[in-house]
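**Student:** model this:
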Amino acid sequence: MMKNRSCQALYTFVTLLTFLLLISSSITSQIQEGGMPMLLHEDFPVKTITIQYEKSVKDFQGNNQFPLLIGHTQAVLIQPNEIENWHYLDAAQTKIWRIHLKFNSVSKHILYFSQFYPGENGRLFAFDKNRMKVIGAFTKRSKSLSNEFAFETMETSELIIQFETSSTSNDYQIIINEIGFIDTDEINTGFGSSGACEVNINCAEGDAWKYIKQGVARVLVKNGSSLFYCTGTLINNTLRNYSPYFLTANHCGEGASISDYNQWIFDFNYEGEFCPDPSTEPNKQSIVGASLKASGATYSGSDFKLLLLNQSVPADFMPFFNGWTRDESISQTGVGIHHPQGDIKKISTYTEIPISTDYDGNTANMAGKYWKTVWTETPGGYGVTEGGSSGSPLFNASGQIIGSLTGGKSDCSALNEADYYGKFSKSWTDNGSSEAFQLQPWLDPNNSGIGGLEGMGIDDSLLVADFTVDFNEININQHINFENIAFGRITKYEWFFEGAIPAVSNEPNPKNVTYSSFGDFDVKLIVSNNFTADTIEKHDFIRVKPFLYPNPCRGTVIINFGIEIPEEINIQLTDLTGRNVSFIEKTEGTKIILSIDPINTGLYILSVKTTDSEKNIKLLIIK
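**Tutor:** Presented below is the predicted three-dimensional model:
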């Protein structure tokens, strides 16, 4: 039966020499900016909405639903508007929207947003009725690639949501369209819910896995209106470029929609600080949203699912992108790292070589797509797997992933029962001919053909400078917005813009940089902290074209070069066959006026060349 849980680790802690962050800094993490809501302890008239939770997981448990159901969502429509529930603070030039939600039971809730954009200055908070627990602020830095968003709140029967922004702002769009309820009355799940036999990751058993564990995360899965817990891991690829690929099991959210994936919540570093169970729930660091890249069928396939997180994993998460091997000659010892019942991170140890077999099989089959694994008692307990462990990685003695958990029968009352992990080697190319069914195109995009890869983590002394821009070919006097995609613990940014205003900046993401001269210009970025620095310079990165007007023209066209006309310049006009067209040239200040000889209506190419630049501009001439 499937579960929703489902030596010395040798690893290479790689310091990257080059790094290309695939997603810009607006795609950081589900960042909570901190701070406190304005007027937190003051009451003013607000609207109260009573929400009756209409479903119970016990109504569905007999329907052979896997993975293990922990809750449901309920449709709502909650959004700020320009009439109701606003409170204005004239002195602070701020307006506050507050809504009071009352539930018919105490539960943990998840707010699901179909639209989340708080605008330039907006801040969103959630807090309990006693104002003792506050979540937020969520700002524009919290936004992911998609319009959707989600975050988990505290366990309460009443919740207050507050959005605050400048009094004149209307650049926000926030729509809560579902509220999730984790049904703790009917199922033991979340913090403190796993079996007493389980071993916490920070017991002695986890000492050799302190980096590798940082790639493993709990996943709050949304599949339609149903909610589940699973586990998975960040995984390295042969480009070693920190792409946030995440490996879990196909049966975790099998059939989830694009919108559902955009609202999955990935909880990193959710673990006790020491070996004993903590008395209070530890913090976690969360990322929202992913897209499906590839999967393999459950049972008949190797039950894998490869996601790409919508957000790059921030450096302060200290993420580890775990390595892998396709070699089926595996070690006798290894571990599984997982979140049983959605609890804090645990570790299970095996000391017998896993057997190649079919799912739920008992006899060896070298062509099988699963590793049959049994667990071993260790000084800290008897680590097994439970609901919530599904999708979690199985590691060999070298710290490489060899499988992802589908299910099995082990738990704290069945210590000697086996669990089954879909083989990484079979997930590589054996589930189908398309890239939608293979790991290889994603984890070996440069077709290196290597059989295994080491894990890769982050060093405090590692900084990698990089940046992007909304567009790098512009007309004179056009503005550009720069966005740093640098990596590491950065405390200082130094930008240098050749030929631009401003010429320098210390902003993380400089906006409205203006180029007033024709030509190709360098951009340099230096990022630094107390330990190190890194520099990137992109030569001739910004290409500024002269401003051509009118276009279309009737025979006379003006070329504006901005601040000055280059000393050595050659202008040519050709038709689409490459034939030169004659014109009379006249200079006025920083402009050149071309009077074109009588010519047919049509499209022409105006070429402007200097000693170090060439621009071709399309010109439409009409009679």
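**Student:** switch to C-alpha atoms for all contacts and neighbour counts from now on
**Tutor:** OK.
**Student:** where does the stretch 101-250 of the chain have low pLDDT?
**Tutor:** 185-186 (pLDDT under 70).
**Student:** what ranges do the strands span in it?
**Tutor:** 123-128, 134-138, 149-166, 173-182, 216-223, 226-234, 245-248 (DSSP state E, counting those that start in this stretch).
**Student:** Go through those strands and name the closest to Asn104.
**Tutor:** Closest of the strands of the stretch 101-250 of the chain to Asn104 is strand 149-166, at 6.9 Å (criterion: CA to CA).
**Student:** what's the distance between Asp575 and Leu606?
**Tutor:** 9 Å (CA to CA, to the nearest Å).
**Student:** higher neighbour count, these two?
**Tutor:** Leu606 (19 against 16; other CA atoms under 10 Å).
**Student:** Quick check: mean pLDDT of the strand or helix carrying that one?
**Tutor:** Leu606 is part of strand 602-609, with elements assigned from DSSP states H and E. Averaged across strand 602-609, pLDDT comes to 90.
**Student:** Which elements pack onto it?
**Tutor:** strand 570-575, strand 614-621 (3 or more CA pairs under 8 Å, 6 or more residues apart in numbering; DSSP states H and E).
**Student:** and the shortest one, which residues are buried?
**Tutor:** Same thing as strand 570-575. 571, 573-575 (16 or more other CA atoms under 10 Å).
**Student:** okay if I get these as CSV plus distance to Gly224 and pLDDT?
**Tutor:** Output for the buried residues of strand 570-575, formatted as CSV (distance: CA to CA, whole Å; pLDDT from 0 to 100):
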residue, distance to Gly224, pLDDT
Ile571, 61, 92
Leu573, 59, 92
Thr574, 59, 92
Asp575, 57, 90
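**Student:** which one of the residues you listed is nearest Thr73?
**Tutor:** Out of the buried residues of strand 570-575, the member with the shortest distance to Thr73 (by CA to CA) is Asp575, at 62.5 Å.
**Student:** Quick check: bridge partners of the closest one?
**Tutor:** Note on Asp575: beta-bridge partners by DSSP bridges are Tyr604.
**Student:** gap between it and Glu254?
**Tutor:** The separation that Asp575 has from Glu254, given CA to CA, amounts to 57 Å.
**Student:** One more: Asn177?
**Tutor:** Counting by CA to CA - Asn177 and Glu254 are separated by 22 Å.
**Student:** Next: Tyr229.
**Tutor:** Distance from Tyr229 to Glu254, by CA to CA: 13 Å.
**Student:** Kindly report the same for His339.
**Tutor:** 19 Å.
**Student:** List the contacts of the closest residue to Leu603 other than its chain neighbours.
**Tutor:** In this structure, Leu603 finds its nearest non-sequential neighbour in Leu620, 4.6 Å apart by CA to CA, 6 or more residues apart in numbering. By CA atoms under 8 Å, 6 or more residues apart in numbering, Leu620 lies in contact with 551-553, 601-604.
**Student:** Pipe these into TSV and attach neighbour count and distance to Phe151 per row.
**Tutor:** Formatted as TSV, those follow (neighbours: other CA atoms under 10 Å; distance: CA to CA, whole Å):
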residue	neighbour count	distance to Phe151
Asn551	14	50
Pro552	17	52
Cys553	17	55
Thr601	13	59
Gly602	13	56
Leu603	15	54
Tyr604	21	55
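**Student:** before we move on, the earlier item: any chance of the helices and strands packed on strand 602-609 in CSV, plus distance to Thr468?
**Tutor:** Output for the helices and strands packed on strand 602-609, formatted as CSV (distance: least, CA to CA, whole Å):
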stretch, distance to Thr468
strand 570-575, 31
strand 614-621, 22
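**Student:** Any idea which of the ones you listed gets closest to Met36?
**Tutor:** Using CA to CA, the helices and strands packed on strand 602-609 put strand 614-621 closest to Met36, at 52.5 Å.
**Student:** Run the angle between the closest one and strand 602-609 for me.
**Tutor:** Relative orientation of strand 614-621 and strand 602-609, computed by axes from the mean of the first three to the mean of the last three CA atoms, to 10 degrees: 150 degrees.
**Student:** what's the spacing between the closest residue to Phe521 other than its chain neighbours and Val523?
**Tutor:** Nearest residue to Phe521, sequence neighbours excluded (CA to CA, 6+ apart): Asp540, at 4.5 Å. Taking CA to CA as the measure, Asp540 falls 8 Å from Val523.
**Student:** and if you look at Ala436?
**Tutor:** From Ala436 to Val523 the distance is 39 Å (CA to CA).
**Student:** Equivalent analysis for His41, please.
**Tutor:** Counting by CA to CA - His41 and Val523 are separated by 48 Å.
**Student:** do the same with Asn223
**Tutor:** 45 Å.
**Student:** domain parsing for the protein?
**Tutor:** With domains defined by automatic domain parsing, the chain comprises 25-182, 204-448, 467-545, 547-621.
**Student:** low pLDDT regions in the stretch 301-450 of the chain?
**Tutor:** For the stretch 301-450 of the chain, no range has pLDDT under 70.
**Student:** mind listing the strands for it?
**Tutor:** Using DSSP E, counting those that start in this stretch, strands in the stretch 301-450 of the chain cover 305-309, 323-325, 334-338, 346-350, 355-357, 370-373, 393-396, 400-408, 419-423.
**Student:** Adding mean neighbour count and distance to His109, write the ones you listed out as TSV.
**Tutor:** Listed next are those as TSV, based on neighbours: other CA atoms under 10 Å; distance: least, CA to CA, whole Å:
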stretch	mean neighbour count	distance to His109
strand 305-309	25	23
strand 323-325	25	35
strand 334-338	29	23
strand 346-350	25	24
strand 355-357	22	40
strand 370-373	29	35
strand 393-396	28	28
strand 400-408	30	27
strand 419-423	30	31
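**Student:** Thr280 is nearest to which of those strands?
**Tutor:** strand 346-350 (16.5 Å).
**Student:** Now do that closest one and strand 334-338, the angle between them.
**Tutor:** 160 degrees.
**Student:** Which residues does strand 346-350 contact?
**Tutor:** 198-201, 205-206, 271, 332-340, 373-378, 382-385.
**Student:** Please export the C-alpha coordinates of it as PDB.
**Tutor:** Only the C-alpha atoms of strand 346-350 are listed here, as PDB (Å, rounded to 0.1, in the frame of the first residue of the first chain):
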ATOM      1  CA  LYS A 346      13.900  12.900  10.400                       C
ATOM      2  CA  ILE A 347      16.600  10.400   9.200                       C
ATOM      3  CA  SER A 348      16.300   6.600   8.600                       C
ATOM      4  CA  THR A 349      19.300   4.300   8.200                       C
ATOM      5  CA  TYR A 350      19.700   1.200   6.100                       C
END
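**Student:** Is Leu68 in contact with Val221, as I believe?
**Tutor:** No. In this structure, Leu68 is not within contact of Val221 by CA atoms under 8 Å, at 10.8 Å.
**Student:** Now do the shared contacts for those two.
**Tutor:** By CA under 8 Å, 6+ apart, the residues touching both Leu68 and Val221 are 228-229.
**Student:** Which elements pack onto the longest helix along the chain?
**Tutor:** In the chain, assigned by DSSP state H, the helix with the most residues is helix 424-429. In terms of contacts (3+ CA pairs under 8 Å, 6+ apart), helix 424-429 is packed against strand 323-325, strand 400-408.
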